[in-house]
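Peer 1: Got a predicted structure plus its sequence, pasted below:
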Amino acid sequence: MEDNESRASALRERLIGELRQCEDIRTGRIATAFAAVPRHCFIPEVPLEEAYVNDAVTTKRNERGKAISSVSAPWVQARMLELSGLGPGMRALEIGSGGCNAALIAEVVGEHGEVVSVDIDQEVTDRATKLLAETGYNERVRVLCGDGTYGAGEVAPEEGFDAIIVTAQAPDLPPAWFDQLAERGRLVVPLSLRGTYYVWAFEHEGGHLRSRGRTSCGFVGMQGDNRHGGRTIDLSGEDLRLGLDEDQQADAEALRSAVASSPQYTVWTEAILRGNEGVLPSLDLWLIGTLDPSARSLYASTKAVHHGLSGWNVATIATWEGATLAYITIRPDPTSGGSELGVHAYGPDREVLAARLADRIRAWDAGGHRGSVEPTVRAYPISTPGDQIPRGQIVTRRYSRFVISL
C-alpha cells in the first residue's frame, strides 16, 4: 500500500511538472491542489499510471457507446481553475460531477470555502459521492442530483457563487447561471459558438456577461434542458455534411443540388499554414466574428477528400447563401513545406461567395491577426430589448443572445 502511494505521489509530481512547463498551471495554489488530490482514486477503473496521463478518462457511455461522463484531462482542469479566480474561503458551484474536479476545487477554496457539485445523472452523482467519501472530501463537497441548467437551485447562496465551473459542453447560458453568479464572480464554461469550442470565462458587466479570457477544451455535451440543438445537412450522402446552429437557416435541398450538379469553383488565397503553426483557431474566431452566416461545421469524410470535395477531413469554416455554398480547403505548398488555404464553392453565385470568404482569409493573413485573434463575447438575457444589444455578430439561443466582436 505504501509503495502504491509513493508511486502515485511521484506520478502526481511528474504531472504537475508537465502542467507547469506547458503553463497550464500558473499559480502555486493550483499546483498545491493537484499535489493533494489523489486523481487515481477517482478513476479506479484504470491502472495507476494511466490515471496520471494528461488526458480525459471516460467513466460512462450511453447505449450507442458515446461518452456521456468523464474525468477531465488534467490540463483542462488546471486551465479552468486558473480562469476561475477561486481562492481560500470562496463559494464554488460545479455543474457536471465526477468527484476529482470537485476535490481540486475544495483544495483551492480551503476548509472555510464551500463547494456544491450538481449532475443530472443519479448514477454519476452516486459514484462521485462514493469516491469523495473514500478520499475524505465528503465533508467539503455537497453533491446534488439535478439538472445543472438550473444551477444549485434552492441551495444557491443568496450572495451567489464566487465561481461557477461547468464541466460539460454548453450551447447556452441559462438564467440561473446569471442569477447565481456573485456580483464579482466568474462563470467558466465550455461554450459552443458557430461550431467553435472553447472554455470562456465570463463576468458581470452592466446587466450582461462579458468574456474575460478563454482556453481550448473538449467535453461531453450537456444533458437536460440546456442540451444542444441545431441540425446537420447531408450535402453528399454522409461524406460532406454541414452543421447548423438552432438559429441558423439554410435551404438543404438547394445546397445539396448545388454540390451534386454545379461545377466546383476554387480560389487560392496565398495564405500559408506552416507545419504545426497552430493558427487555425485564430482564423476560426476571425471568420465567425466577421462573416455572417458562417460556422466551423463543414465535415468531410476520407472518401470526400479522395474525390476532391475537400482538402482535409477536419471540421472547417463554411458560409452559404441561397443555393450557394463556400468552405475552406487546403493544398500542399511545395515552396514552404506547409499548406495553402483556399476556398471550394458550389452553386449559382459560387464565384462571388468564394471571393467573399477568400477575402476574409487574406484579411486575417495580412492584418496581423495570425495567432492573436481575441474576440469579446457578450451574453445578454434573451429578454433584453434589441436596442440594448450592441453591434457585432449575433448568435441567438433559447436563453441568451451572444454578441461576438473583434
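Peer 2: Noted; the coordinates are in hand.
Peer 1: residue contacts, residue 204?
Peer 2: Shown here is residue 204, whose contacts under the criterion CB atoms under 8 Å, 6 or more residues apart in numbering are 181, 183-185, 210. For the C-beta atoms, the positions are set from N, CA and C on the backbone; glycine is no exception.
Peer 1: Those, buried ones only, as a PyMOL selection?
Peer 2: To isolate the buried subset of the contacts of residue 204 in PyMOL, counting by 16 or more other CB atoms under 10 Å, use the following:
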select buried, resi 181+185
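Peer 1: Could you grab the helix/strand/coil label for the nearest residue to residue 187 once chain neighbours are set aside?
Peer 2: Excluding its sequence neighbours, the residue lying closest to residue 187 (CB to CB, 6 or more residues apart in numbering) is residue 202, at 4.4 Å. In the three-state summary, residue 202 is assigned as strand, counting by DSSP: H, G, I helix; E, B strand; the rest coil.
Peer 1: sorry, back to before: among the contacts of residue 204, name the ones in strands.
Peer 2: 181, 183-185, 210 (DSSP state E).
Peer 1: wait, residue 12 sits on residue 52?
Peer 2: Yes - assessed by CB atoms under 8 Å, residue 12 is found in contact with residue 52 at 6.6 Å.
Peer 1: neighbour-wise, which of the two wins?
Peer 2: residue 52 (23 against 20; other CB atoms under 10 Å).
Peer 1: what about the nearest residue to the more buried one once chain neighbours are set aside, distance to residue 72?
Peer 2: Distances taken as CB to CB, 6+ apart put residue 11 closest to residue 52, at 3.9 Å, once the chain neighbours are dropped. Remark: distance between residue 11 and residue 72 (CB to CB, to the nearest Å) = 17 Å.
Peer 1: now residue 145
Peer 2: With distances taken as CB to CB, residue 145 is found 20 Å from residue 72.
Peer 1: again with residue 279
Peer 2: Counting by CB to CB, the separation of residue 279 from residue 72 is 26 Å.
Peer 1: ok, these two, which is more surrounded?
Peer 2: residue 72 (25 against 18).
Peer 1: Show me what the host helix or strand of residue 232 is packed up against.
Peer 2: Residue 232 belongs to strand 231-234 when assigned by DSSP states H and E. Secondary-structure packing of strand 231-234 (3 or more CB pairs under 8 Å, 6 or more residues apart in numbering; DSSP states H and E): strand 240-244, helix 252-261.
Peer 1: Under the pLDDT cut-off, which ranges of this structure? List them.
Peer 2: Under the criterion pLDDT under 70, the flagged ranges of the chain are 1-2, 68, 220-221.
Peer 1: Spatially nearest residue to residue 121 (excluding sequence neighbours)?
Peer 2: Leaving aside its chain neighbours, residue 121 sits nearest to residue 69 (6.5 Å; criterion: CB to CB, 6+ apart).
Peer 1: Test my guess that the one you found contacts residue 58.
Peer 2: Yes - distance between residue 69 and residue 58: 7.5 Å, which falls inside the contact criterion (CB under 8 Å).
Peer 1: what about the two, which has more around it?
Peer 2: The residue with more neighbours, out of residue 69 and residue 58, is residue 69; 22 against 16, by other CB under 10 Å.
Peer 1: Secondary structure element for that one, which one?
Peer 2: Using DSSP H and E, residue 69 sits in strand 67-71.
Peer 1: in terms of contact count, name the helices or strands touching that strand.
Peer 2: With contacts defined as 3+ CB pairs under 8 Å, 6+ apart, the packing partners of strand 67-71 are strand 57-61.
Peer 1: Can you give me the buried ones in the strand it packs on?
Peer 2: Of the residues in strand 57-61, those buried (16+ other CB under 10 Å) are 57-59.
Peer 1: Tell me which residues are up against whichever helix or strand the residue nearest to residue 52 is part of.
Peer 2: Under DSSP H and E, the secondary-structure element containing residue 11 is helix 2-21. Contacts of helix 2-21 from elsewhere in the structure, counted by CB under 8 Å, 6+ apart, are 25, 31, 34-35, 38-40, 48-49, 51-52, 54, 74-75, 78.
Peer 1: Looking at the residues you listed, state which has the most neighbours.
Peer 2: residue 78 (28 neighbours).
Peer 1: Can you tell me how far the closest residue to that one other than its chain neighbours is from residue 349?
Peer 2: Beyond its immediate neighbours in the sequence, the residue positioned closest to residue 78 (CB to CB, 6+ apart) is residue 24, lying 4.2 Å away. With distances defined as CB to CB, the gap from residue 24 to residue 349 amounts to 45 Å.
Peer 1: which one of these two has more residues nearby?
Peer 2: When neighbours are counted by other CB under 10 Å, residue 24 and residue 349 differ, and residue 24 comes out ahead with 23 against 19.
Peer 1: helix/strand/coil for that one?
Peer 2: Per three-state DSSP, the local secondary structure of residue 24 is coil.
Peer 1: Now it. Its backbone dihedrals?
Peer 2: phi -70, psi -40 (degrees, to the nearest 10).
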